[in-house]
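1. pasting a predicted model and its sequence here:
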Amino acid sequence: MSTYVPQRRYTGTVHAATSFLKRSKTAPANQGPHTQQIISAYRLDWEKLRNFLLLKFPRDTHPGLKLDKRPINDDKYIVMLPEKLNSDDLIYIDEELRDKKQMNTDQSDEET
């Protein structure tokens, strides 16, 4: 016995109930001269990240740079940058900017 499942027809309208997260995934990453960069917020203080980004992209050479804190679900930072961060930048963020003290405490708690 087969079950009939009616198909939805496209009506040409966009549903207002589309979630922000779904729209952010389908939105174009490049908007103007900047590109979207998503960085994990795990153990990463916003001010440390912001200061690093300002050193990498000084405002005198990148006058349109705005670094507003825009987390999604409190676990990612979304920033618009003049160019994507390279692998060295991401390693530096992971090794130097993330709070290691708290990470070591979490690891010792897991071992006990």
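-> Alright, I've got the coordinates. Residues are numbered from 1 along each chain as shown.
2. now the strand or helix carrying Tyr92: buried residues?
-> If you go by DSSP states H and E, Tyr92 is part of helix 87-92. Of the residues in helix 87-92, Asp89 count as buried by neighbour count, 16 or more other CB atoms under 10 Å. C-beta coordinates here come from the backbone N, C-alpha and C atoms, glycine included.
3. is it true that Thr61 lies in a helix?
-> No: assignment of Thr61 by DSSP: H, G, I helix; E, B strand; the rest coil gives coil, placing it outside any helix.
4. now the element after the worst-scoring helix or strand of the chain on mean pLDDT, going C-ward?
-> Ranked by mean pLDDT, DSSP states H and E, the helix or strand of the chain with the weakest confidence is strand 30-31, at a mean of 46. Scanning forward in sequence from strand 30-31 by DSSP H and E, the next helix or strand is strand 34-40.
5. what's next to the following helix or strand past that next one, contact-wise?
-> Next along the chain after strand 34-40, taking DSSP H and E as the criterion, comes helix 46-56. Defining contact as CB atoms under 8 Å, 6 or more residues apart in numbering, one finds that helix 46-56 is touched by 39, 65, 67, 69, 77, 79, 81, 85, 89, 92-93, 97.
6. got the angle for helix 46-56 vs strand 34-40?
-> Relative orientation of helix 46-56 versus strand 34-40 (axes from the mean of the first three to the mean of the last three CA atoms, to 10 degrees): 140 degrees.
7. what is the mean pLDDT for helix 46-56?
-> The average pLDDT for helix 46-56 rounds to 93.
8. okay, buried residues for that helix please.
-> Neighbour-count burial for helix 46-56, counted by 16+ other CB under 10 Å, picks out 49, 52-53, 56.
9. roughly how far apart are Gly64 and Leu85?
-> Here Gly64 is placed at a distance of 18 Å from Leu85 (CB to CB, to the nearest Å).
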